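In: Got a sequence here, can you model it:
(2 chains)
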Amino acid sequence: MNQGQALQGLRVLEFGDYISAAYCTRLLAHYGAEVIKIERPPAGDLARRHGPFPNDGPHPEKSGLFLLLNAGKLGVTLDPETSTGRALLLDLVRQADVLVENHRPDEMERWDLTYETLGAVNPSLVMTSITTFGQSGPNRDRKAYAITASAASGVAFRIGDPARQPLTMPYDRADYWGGMNAATATMLAIMARWKSGRGQQVDISTADCLNTYNNPLDYLDYVDTGYYPRRNGHRNPAIYPFVLLPCKDGYFGLIVGNDRQWARFLEVMGNPAWANDPRYKDRNAMDLQRKEELDNLIKPWLAQRTKAELWEIFRKNRIPWHPVQTVDELLEWEQLKARDYWDRTEHPDAGAWTLPGAPFKLSETPATPLSPAPRLGADNTRVYCELLGLSELDMARLWRTSII
Amino acid sequence: MTLPLEGYRIIDFTQVWAGPQIGAALGDMGAEVVRVESRAGTDVQRNSPVEKSPMRQKLDSQWYYRSRSDYITINLLKPQGVELLKRLVQWGDVLVLNLSPKTQQALGVDYASLRSLKPGLIMASFSAAGQDGPWSDLLAFGPAISCIIGTESLVGYPGGQGQPMLHIWDPDPAMGVMLGFAILTALYHRERTGQGQLIDLAFTEMLPGFLGEPILEYQMSGRAPEPSGNQHPRMAPHEIYACRDEDTWVSIAVGTEQEWQALCHVIGPPELATDDRFSDSYRRVHHRAELDAIVGAWTSKRTHVEAADVLQQAGVAAAPAFSVADLYHDPHDVYRRTSVKVETPDLEAGDVTYGIPWRLSETPGSIRQLGRPMGSDNHRFFSSQLDMSPDEIDRLIQEQVIY
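Out: Numbering: from 1, shown residues only, chains lettered A, B, ... in the order given. The predicted structure follows:
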C-alpha cells in the first residue's frame, strides 16, 4: 500500500553554491520533495568546476561532486543581479514551500533577498539559510570555506597528531554537516507551519552545528577544572585498546573491548608468553603507560594477516574490531550490496557511476532512484513556462539578455 | 507560534548518544518525550566507565536526558515488561529504539509485531548496519564505524606512510541529527496520509553520504584516495598554520584571485602579489609547499585571533583552530549561545554553552528542564497516562517489571 513518497508535494528551491545547500536539498529529494536548483549564469554552481572528472578530463557537465549532490533535481538559471532575474526568483518563491540558500548574509542583503523581503512575498515560506557563522553575531559576514568551519567549531583542534597541526574534517565534511542539520531543522519548520500556516527563517551555522560535537560537558569540564581536550593522534590515551594499527595490507581499528573480548583476543593470538604476565593479562589493571609496549607486542601478529583475514577472525570471536576500509573496499562490501544501498546514475554527458544511496530506509514510502543531475539550465522551459506561465518568446528574450 | 512538535508523543527507548541526543532535541521543540530505561541495563550516560570531573559526572545524564516529560523504567528481561512496552506503544506516536534487530525479534518488539497494536505507529530503529543483510549483527562503537565506512582511510598527514589519525567521534552526533530528519519526514507523511512506518537507519548507510566525492574519485580516476592532510584540490593556501603561542593555530583558505590579492596585501612582502609561482590557483596549488612556508612565517609571529581578525578584515577566509577553552571565551560564540535559557537550580544559564544548534526565528524552542533520575515518574506516568492502579504499579515494581 505504497502511498507515494514521504515528502511528495513539497516544493523546494535551492539557491546556493557548492555543498551545504545542495546536500540539504538532496536529502529532501531522496524522500520525494520536488527540488528546483537555481544556478547563476554563465558558469553555474562552483561544484561544476570541482571535479573529480572521468579520466581527469574537465567538463562542466561531468564534475563528480556536482553529479553527486544534484541528482534528483530540476535545474534553472537566473541572474539575481538583474531586476528581471530577481523578479523571476520572487515568482518562484511565491510558488514554493521552502527556500534553502547558503550565501553570506551581506550578499543576500545586496541582492535584497533577505527573509524580510521573501517572507513578505510568501508568508508561508520556510527560508533556510546555511552559513558558517550564522545570521547573527559579530562574525556573521565573515568569509569561510569548510576548513574555516572545521577550525572555528573546535573540531579541527581535536583531530591529528598532538605534535603537528590540527586537521580539517576530510573532503569538506563540515559542509555536509551543515546541510544535514539544515534538513532536520527545515522539517521542524515545516511541522510548525502545519499548525500555524506560517513560515519562518531557519538559521543554520555550520560551526554551531559542529560545535555540538564538543558537548556542553566539555565546557563544564573546562570551567570546573581548566582541562580541555586536545589531539589524540592515532589512539585514545584514556582507554586500551583504542588505536589504529598497521596490518599486512593496511590498517585496523582496535577500538574498545571488554574483559571477555580482550581475553578472547589473547586466546586467538595463541596465548603468547607475554599474555600471562599479569601486567598485560588484565585489561583493567593494565598500566595505560604501557600502551605502546602493548602495540608492539600485537603488531607482529597483525602484520602477518590481511584486513579480510583479521575481520573474519574477530567476527567469529565476537570481538568488535574492524578494518580501516578504503573507499574501493567500501564499494565492494557485501552488506551494502545485500541491502541494495548504492544508487546508480546514468548521466547523458558524464556516463554511469555509483553514488551513495538514501541515508535511511522507509518501509512504506521507499526512496526511489534519483534522476541524473541537471545540465546547466536544463529545466528553464519546464519551470519558467509551465510553472510561471512565461511564453517561448519571453524565454528567448531572457536568454539573449543573459538573465537565464 | 506553537512549537513544531507540540502534541506528539515520543517514546525514547535508546542508549548511549545518538538516541538520547535526538530525544532531547525533539523535547526542546515541544514533543512530549518519555524516557524509558531499566536498572537491568544501565546506559553508559548514567554510569560511565570513563573517569570524569565531579561536575561532569553529575551532569552527563542530566544533559543528554533533558527536556523529557517523564522518566520511567521497564525491564524487558521480564515477559511482563514486554507487555508493558506494548501498552506504552499504544500511547505514543513514535518509538525510537536501538535494540539490535536480533534482540527486537527475540523479545517480540520488532515492527511487524508492534504495528498492529497502534495504527499509524512510526518506529525509528537505528543500528550499526541495518535490520537485515549478512552483517545486521555488526557490533561497533562510533569511531569503529568511521573505520568501516572509509573516513579513517582519509584522515592523516600527506606522505605519512598512510598512518591514519583518529577522526572526531562524529558518527553518533551525526546519527542524532539524521534520526531527527527521518522521524520528521515520517511524521510529515503521516499527517498527510495517516500512514505510519518503520524507519531503518544504519550507521553504515548514513555516513557514506559524506564521502561521495572520494567514492567518485576512485571510480573516475581509478586511484583510491589517501589522506591528504589539509590540502585541497583547488585551493592554496588551504592549511592550518602554527601561530605564536604554544599549540595555537589559524586556518587560512584562498578560493579566488580577489582573496589572494587581499592575502598578499596583508602579509606582504610587496613582490608576493606578482610572484609568478603564485599568480593563479593552478600555480599556487602546484607550489603549495613554498607558499605554506611564506604564510606560516607570517602566522608564527601573531596570535591566532590577531591573524584571523586582520585577514578577515581584508576579506580572506580565516579562523583560529579553536579549542574548547578558546570557544568558551570567543565573543561570537558567546553571542550565538545566548538564546539558550536554562532555568534550574543546578546550573547557571551561562554554564551551558549551547543547546539547540538550529535557530528557528518563530519557534526557537527551549531547554525545558535538565534530566532527572531514571524512573522518577513511574507512579505518576503509569497511573495518569496508562490508567494503571497504584496496586498494579506497586506489584510490578515489586516484581522488577517496572525496574
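In: So what pairs up with B:Glu239 in the strands?
Out: Beta-bridge partners recorded for B:Glu239 (DSSP bridges): B:Ile252.
In: doesn't B:Trp249 make contact with it?
Out: No - assessed by C-beta atoms under 8 Å, B:Glu239 is found out of contact with B:Trp249, at 9.6 Å. Just so you know, the C-beta spots here come from the backbone N, C-alpha and C atoms, and that holds for glycine as well.
In: So for these two, which residues contact both of them?
Out: A:Gln165 (C-beta atoms under 8 Å, 6 or more residues apart in numbering or on different chains).
In: which residues does A:Gly4 contact?
Out: A:Gly4 touches A:Gly32, A:Thr365, counting by C-beta under 8 Å, 6+ apart.
In: For the most centrally placed residue in chain B, what are phi and psi?
Out: Most central in chain B under C-alpha atoms, centre = their mean is B:Pro173, positioned 1.7 Å from the mean C-alpha point. Note on B:Pro173: its backbone torsions stand at phi -60, psi -30 [degrees, to the nearest 10].
In: which element follows the lowest-mean-pLDDT helix or strand in chain B toward the C-terminus?
Out: In chain B, no helix or strand scores lower on mean pLDDT, DSSP states H and E than helix B:54-64, which sits at a mean of 66. Counting by DSSP states H and E, the next helix or strand C-terminal to helix B:54-64 is strand B:70-73.
In: packing partners for that following strand?
Out: Applying 3 or more C-beta pairs under 8 Å, 6 or more residues apart in numbering or on different chains; DSSP states H and E, one finds that strand B:70-73 makes contact with strand B:32-37, helix B:378-384.
In: Now do the domain split for the chain, please.
Out: Going with chain A. The record's domain split for chain A, according to automatic domain parsing, is A:11-212+A:338-400, A:242-320.
In: My question was about chain B, not that one.
Out: Split by automatic domain parsing, chain B gives B:9-209+B:337-398, B:249-320.
In: out of the ones you listed, deepest packed?
Out: Of all the domains of chain B, domain B:9-209+B:337-398 has the most neighbours on average by mean count of other C-beta atoms under 10 Å in any protein chain shown, namely a mean of 20.
In: which residues of the stretch 201-350 of chain A fall in strands?
Out: A:242-247, A:250-255, A:322-323, A:343-347 (DSSP state E, counting those that start in this stretch).
In: isn't A:Tyr213 right next to B:Asp172, touching?
Out: No - shown here, A:Tyr213 and B:Asp172 do not form a contact pair, counting by C-beta under 8 Å, at 9.1 Å.
In: residues in contact with A:Glu34?
Out: A:Glu34 touches A:Gly9, A:Leu10, A:Arg11, A:Val12, A:Leu74, counting by C-beta under 8 Å, 6+ apart.
In: Check the gap between the second one and B:Cys264 for me.
Out: Going from A:Leu10 to B:Cys264 by C-beta to C-beta, to the nearest Å gives 46 Å.
In: Check the fourth one too.
Out: A:Val12 sits 41 Å away from B:Cys264 when distances are taken as C-beta to C-beta.
In: Compare the domains of chain B and say which comes out lowest on pLDDT.
Out: Lowest mean pLDDT within these: domain B:9-209+B:337-398, at a mean of 88.
In: Figure out how far it is from the centre of its chain.
Out: Domain B:9-209+B:337-398 has its C-alpha centroid displaced from the chain centroid by 12 Å (C-alpha atoms, centre = their mean, to the nearest Å).
In: what does stretch A:312-327 give?
Out: 25 Å.
In: quick one: buried residues of that stretch?
Out: A:Phe314, A:Arg315, A:Ile319, A:Pro320, A:Trp321, A:His322, A:Pro323, A:Val324, A:Gln325, A:Thr326, A:Val327 (16 or more other C-beta atoms under 10 Å in any protein chain shown).
In: what about the strands in chain B?
Out: B:9-13, B:32-37, B:70-73, B:94-97, B:122-127, B:198-202, B:238-242, B:249-253, B:317-320, B:358-360 (DSSP state E).
In: re earlier: near chain B, list only the ones from the buried residues of stretch A:312-327.
Out: Contacts with chain B within the buried residues of stretch A:312-327, as defined by C-beta under 8 Å from any C-beta of the partner chain: A:Pro320, A:Trp321, A:His322, A:Pro323, A:Val324, A:Gln325, A:Thr326, A:Val327.
In: so of those, which ones are in helices?
Out: A:Val327 (DSSP state H).
In: okay, the ones next to chain B among the buried residues of stretch A:312-327 in a markdown table with pLDDT next?
Out: Listed next are those as a markdown table, based on pLDDT from 0 to 100:
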| residue | pLDDT |
| --- | --- |
| A:Pro320 | 95 |
| A:Trp321 | 97 |
| A:His322 | 98 |
| A:Pro323 | 98 |
| A:Val324 | 98 |
| A:Gln325 | 98 |
| A:Thr326 | 97 |
| A:Val327 | 97 |
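In: tell me which of the ones next to chain B among the buried residues of stretch A:312-327 is nearest to B:Ser383?
Out: When these are compared for distance to B:Ser383 (C-beta to C-beta), A:Pro320 wins out at 41.2 Å.
In: roughly how far apart are the closest one and A:Arg235?
Out: Here the criterion is C-beta to C-beta. By it, A:Pro320 lies 17 Å from A:Arg235.
In: Residue numbers of the stretch 301-404 of chain A in contact with chain B?
Out: Residues of the stretch 301-404 of chain A lying near chain B (C-beta under 8 Å from any C-beta): A:318, A:320-331, A:333-336, A:338-339, A:341, A:353-365.
In: List phi and psi for B:Arg39.
Out: phi -70, psi -20.
In: Tell me, how many residues neighbour the spatially closest residue to it that is not a sequence neighbour?
Out: Residue nearest to B:Arg39 in three dimensions, not counting chain neighbours: B:Tyr403, with 5.2 Å by C-beta to C-beta, 6 or more residues apart in numbering or on different chains. Per other C-beta atoms under 10 Å in any protein chain shown, the neighbour tally for B:Tyr403 reads 20.
In: got a list of what B:Tyr403 touches?
Out: Per C-beta under 8 Å, 6+ apart, neighbours of B:Tyr403: B:Ser38, B:Arg39, B:Ala40, B:Thr73, B:Ile74, B:Asn75, B:Lys78, B:Gly81, B:Gly375, B:Ile397.
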